[in-house]
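Coordinates for the following, if possible.
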Amino acid sequence: MAKKDSFFTRLGTTLKNTSLYKFSKKGFGKPNVTETAEDNLTENSLDQEHSADDLTEQLAENQQDADNSDLTEVPEPPEPEFYPDELELEHDNPLLQLWTMHLDLGQNLPKPRLRLQNAPDKPEALTEEQIGRELLRLGGVISSSAHKRLKSAVPKNEEDSLPDLDAQVVVFLTNGQMSAWVLVYPPVGQGQEVNLEMLENALEEKHVTYGLDTDLLHEIPEKDNRYFHLYLVAQGLPPERGQDGHVEELFPRVIKHELTVDEFDRVDYMSLNFIRNVSKGEPICNIFPPTPGVPGRTVMDRELTAVDGKKANVPMGRNTEISEDGMHLIASMTGHVEFSGRGFQVKPVLDIDGNVDYSTGNINFLGDVHIHGDVCSGFTVRAVGSITIDGVVESCSIEAGGDLIMVKGVMGNNQAIIRSHRSIFTKYLESTSVCARGDLQADYIVNCEIYCDGVVQVRTGKGIIMGGNINAAKEVSASIVGAKSEILTNITLGGRPCENFERGLLEHELEELEKELEKTERQINSPTKLSTMSKLRMKIVVSKSKLAQLDKEKEMLQEENTAEQPKGKLVCGVAYPGTQINIKGVSMRLAHETHMCNARLIANEICLM
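A predicted model of the protein is given here:
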């Protein structure tokens, strides 16, 4: 450290004590004064000359300002003291020492401000994160090169003349070799000014051959600030990642249950066909393959490997396959397409042109069912998928794993049991037991047992709910509830109605099985009796197990919902006397006709709003 201090002390003393006449023999760059004047000037006369020149320039500037006083100009914003992409130079930095030496030699050079500034007409050379790291590297390169330049520029002895040094080009390569910058030191003595050949030779020594800005290289030697300034002279080409493949789905994943109401407030249930048929080989999705990546190149002309795009994740399910050209997901069979889980699947569709009667028997199908006629009394229709019935449903049993559409309605005669694991859409329901895990939409409901885990909507057509028991977890919305005859119409809100329905069916089934077992036990012993009793006992065990599971789930649900705000509300245009509202054990029976009824439980009391 002592050695470094003595060097700079000697340098400062040399620069201070050495007048311009010592360098006049060799000259420096383009001298501002003649050789004869340099021999006669002292430091004091030089200072006076600078003061006179400054005064003359100031008077000229004031005169120009006065001439332009009538012109309104928007002042440019002041240049910030320091930029985020600028290298901060300490006062004892070798680069500043070198710049000071040239100032003392009469060179009017701007103060070095080294910025890793991106070219406005080029892609970004450096990101904000990279700039911080590169500034540290740049500081090391500049300090090292400026220190060596100082050592070679300053004479070892005071009596020695200033050496002749050509302009020096310093090349800085960013980490990754994606950008090349040049910094030029001025010539010393009679050294040669910077020229294109110097720039090209310096870049060639660093093997910088790709992405050169040839226009800028030609301009640098002619620029006023060609020295002590960073120029971005070469940029590499970053590798371009390939685009990932993607899938265009030709069928929506979710079927929207939208009801179209005409001007007479009627719904066309025939248009609610949720079965989307596809033929074998018909495309379900279009597949777009990934594109390959485009390799990049560094400024040293080395290739950079690019990453190819990823293949698309094709939502392929049952009964679907990829086409031979790999561009489509197609159906491998004719049926109904739907999205389930993580992919599209094609389910078989059973079309029944006529009625469900003795000509067809009971229907139990692992897919979707479309019945174009009626479902007659005493028959059963079960399907894993959705069921669409264009005709009338009589006293029968229907269970759909998907949606259930009954275009003309149900005349249940207190014997029909209608179940859907999704939503139910029908024109009317009369004397029927209905269980819907989703929502229920109808034009009118009369004397029915309704269990719905969603919303019971009876607003179109007549919009009447009259008689029976309506159990809805979320909401009951109707135009009219009850009748002027004050028929009892129970509206129960909240809870999980479908579980109560399942419990009722299991209890009834268990009761019937026990009666059947008791009846069989009274028969005469025979192999048939023993076989029948074994089957009945097995069914009883299964039914009891299901009941126990429902009890367990009910207890868990009650513990979770103890502190919850009770849900459910009744919204109707008119509610007649005889309408009874039940919410979480609190009951209220209407004694008067109520218009614009909005009933809900507040502070353990049913309020009509």
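
Low-confidence bits of the stretch 351-500 of the chain, can you list those?
Across the stretch 351-500 of the chain, nothing is flagged by pLDDT under 70.

Spell out, range by range, the helices that occur in it.
In the stretch 351-500 of the chain, the helices defined using DSSP state H, counting those that start in this stretch lie at 497-521.

same question, the stretch 151-300 of the chain
196-205, 214-219.

What's the end-to-end length of stretch 328-345?
End-to-end distance for stretch 328-345, by Cα to Cα, to the nearest Å: 14 Å.

Then stretch 174-190?
This stretch, stretch 174-190, spans 33 Å end to end (Cα to Cα).

got the buried residues for that stretch?
174, 177-190 (16 or more other Cβ atoms under 10 Å). C-beta here means a position set from N, CA and C on the backbone, and glycine is covered the same way.

Widest-spaced pair of the residues you listed?
Farthest-apart pair in those is 178 and 190; separation 38.4 Å (Cβ to Cβ).

which of the buried residues of stretch 174-190 lies closest to residue 531?
Using Cβ to Cβ, those come closest to residue 531 at residue 178, 84.1 Å.

right, and residue 331 touches residue 317 too?
No - using Cβ atoms under 8 Å, residue 331 is not in contact with residue 317, being 10.5 Å away.

Which of these two has more residues huddled nearby?
residue 331 (22 against 18; other Cβ atoms under 10 Å).

Let me know the pLDDT of the more buried one.
If you check residue 331, the pLDDT there is 93.

The one 5 residues further on now?
The confidence metric pLDDT takes the value 83 at residue 336.

In three-state terms, label it for me.
Secondary structure assignment for residue 336 (DSSP: H, G, I helix; E, B strand; the rest coil): strand.

The stretch 101-250 of the chain: strands as residue ranges?
Secondary structure of the stretch 101-250 of the chain (DSSP state E, counting those that start in this stretch): strands at 168-173, 179-185, 230-235, 246-249.

the longest strand in this protein is where?
When the chain is scanned for its longest strand (criterion: DSSP state E), the result is strand 410-420.

That one: which residues count as buried?
So strand 410-420, judged by 16+ other Cβ under 10 Å, has buried residues 410, 411, 412, 416, 417, 418, 419, 420.

among the helices of the stretch 151-300 of the chain, which is the most enclosed?
helix 196-205 (a mean of 15; mean count of other Cβ atoms under 10 Å).

returning to what we had before: go through the buried residues of strand 410-420 and say which is closest to residue 166.
residue 420 (91.8 Å).

one step back: mind giving me CSV with the helices of the stretch 151-300 of the chain and columns for distance to residue 346 and mean pLDDT?
CSV is the format used below for the helices of the stretch 151-300 of the chain (distance: least, Cβ to Cβ, whole Å; pLDDT from 0 to 100):
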stretch, distance to residue 346, mean pLDDT
helix 196-205, 64, 92
helix 214-219, 62, 92
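
now these in CSV, with distance to residue 86?
Listed next are these as CSV, based on distance: least, Cβ to Cβ, whole Å:
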stretch, distance to residue 86
helix 196-205, 23
helix 214-219, 20
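
Residue 323 and residue 284 touch, don't they?
No - shown here, residue 323 and residue 284 do not form a contact pair, counting by Cβ under 8 Å, at 10.4 Å.

can you list residues touching both of the two?
Residues touching both residue 323 and residue 284 (Cβ atoms under 8 Å, 6 or more residues apart in numbering) are 329, 330.

Give me the more crowded residue out of those two.
Counted by other Cβ under 10 Å, residue 323 and residue 284 do not tie: residue 284 has more neighbours, with 26 against 13.

Once you drop chain neighbours, what's closest to residue 135?
residue 87 (5.4 Å; Cβ to Cβ, 6 or more residues apart in numbering).

and that neighbour, what is it in contact with?
114, 115, 116, 135, 138, 139, 142.

And it, how far from residue 102?
Per Cβ to Cβ, to the nearest Å, residue 87 is found 19 Å from residue 102.

So the chain: which segments form each domain?
Domains of the chain are assigned by automatic domain parsing as 14-42+82-235, 249-289+311-345, 349-518+564-608.

looking at those domains, which is buried most?
domain 349-518+564-608 comes out most buried of these by mean count of other Cβ under 10 Å, with a mean of 19.

Just list whatever residues bridge to the closest residue to residue 568 other than its chain neighbours.
Nearest residue to residue 568, sequence neighbours excluded (Cβ to Cβ, 6+ apart): residue 493, at 2.8 Å. On the basis of DSSP bridges, residue 493 is bridged to residue 472, residue 583.
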